[in-house]
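**Student:** Need coordinates for the following:
(2 chains)
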Amino acid sequence: MKTRDYLLPYHYKKIGMLILLPFALLCLCLLFDIKLPSVVIPWIAIGDGFFYSGSADLFTELGMMGLLVSLSFIALSREKDEDEMTGQIRMQSFVWSLWFTTFVLAFGILFIMGLEFLRFSLAALYLFYFVYIIKFNMTMKSIRRSVK
Amino acid sequence: MKNTVKVERAIKDITQQDLATAVGVSRQTINSIEAGGYVPSAVLALKIARYFGKPADAIFILEEDD
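**Tutor:** As a prediction, this is how the structure comes out:
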């Protein structure tokens, strides 16, 4: 009986890695208040009242969405040699990353205040993805190295 | 859990890659099983046993602390 793993095909990992750098740089500019051209676009979102019909900054929306998509592609795509052991390593990496993110968030909640907490929250949105990708790929690399 | 996969592989004179391809996993997985670093699922253990033509409990042996 084959179980679904809900992973994207392998080539999505390469697409994710390709588009990661430009969107990561864009988000770093937003995080550290580096001036970017302001391009305002009409936007509908959930905000004041319920539906908010107003405007949004193109670079903010593009940067954050692009970073989310690229990290998701990298994290959620199959390995070339995906099998049951890879699945177990994936699960262990998820749990490890969740623990790590939990401790970092707890630290932030307790010791980071004011506007800096907003900056921290922005970065924390993506922390789990980064930690999981690093942990999983480091584990796979050490296993592949031990086989050679 | 102990296993005799490496011994069986030597008897049959096949590489880790050959066994991996035959049972549908990666070479890393076979290497980890032989090194005792990974315990295969029931399905994989049965596939390996069937490939070597032996019962699963002749190749995969439970230890006292399992």
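
**Student:** show me where chain B has strands.
**Tutor:** B:2-3, B:60-61 (DSSP state E).

**Student:** Output these in a markdown table, with mean neighbour count appended to each entry.
**Tutor:** Placement of C-beta: from N, CA and C, glycine included. Listed next are those as a markdown table, based on neighbours: other Cβ atoms under 10 Å in any protein chain shown:
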| stretch | mean neighbour count |
| --- | --- |
| strand B:2-3 | 14 |
| strand B:60-61 | 16 |
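
**Student:** any chance of those strands in a markdown table, plus mean pLDDT?
**Tutor:** Listed next are the strands of chain B as a markdown table, based on pLDDT from 0 to 100:
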| stretch | mean pLDDT |
| --- | --- |
| strand B:2-3 | 92 |
| strand B:60-61 | 94 |
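
**Student:** Next to chain A, which bits of chain B? Give me the list.
**Tutor:** Contact residues, chain B versus chain A (Cβ under 8 Å from any Cβ of the partner chain): B:24-29, B:31-32, B:35, B:38, B:40-41, B:44.

**Student:** how about the residues you listed, which pair is most distant?
**Tutor:** B:Gly24 and B:Ala35 (19.8 Å; Cβ to Cβ).

**Student:** which stretches of chain A form strands?
**Tutor:** So, for chain A - with DSSP E - the strands run A:40-46, A:51-57.

**Student:** Which residue ranges of chain B form helices?
**Tutor:** In chain B, the segments counted as helices under DSSP state H are B:5-12, B:16-23, B:27-34, B:42-52, B:56-59.

**Student:** Contacts only, for residue 64.
**Tutor:** I'll assume chain A. A:Met64 is in contact with A:27, A:30, A:125, counting by Cβ atoms under 8 Å, 6 or more residues apart in numbering or on different chains.

**Student:** Highest neighbour count among those residues?
**Tutor:** When neighbours are taken as other Cβ atoms under 10 Å in any protein chain shown, the top entry among the contacts of A:Met64 is A:Cys27 (22 neighbours).

**Student:** Count the neighbours of A:Val85 for me.
**Tutor:** Careful, residue A:85 is Met; it's not Val. 25.

**Student:** B:Asp66 too?
**Tutor:** 8.

**Student:** Could you tell me the phi and psi values at the residue of chain A found nearest chain B?
**Tutor:** Going by Cβ to the nearest Cβ, chain B is nearest to A:Asp81 of chain A, at 3.8 Å. Main-chain dihedrals, A:Asp81, degrees, to the nearest 10: phi -110, psi 50.

**Student:** average model confidence for stretch A:102-113?
**Tutor:** Computed over stretch A:102-113, the mean pLDDT rounds to 96.

**Student:** who's in contact with that stretch?
**Tutor:** Contacts for stretch A:102-113 (Cβ under 8 Å, 6+ apart): A:117, A:120-121, A:124, A:127.

**Student:** Most neighbours of all the residues you listed, which one?
**Tutor:** Of all the contacts of stretch A:102-113, A:Phe120 has the most neighbours under the rule other Cβ under 10 Å, reaching 19 neighbours.

**Student:** List the contacts of that one.
**Tutor:** Contacts of A:Phe120 (Cβ under 8 Å, 6+ apart): A:108, A:112.

**Student:** Find me the pLDDT at it, would you?
**Tutor:** On the pLDDT scale, A:Phe120 gets 93.
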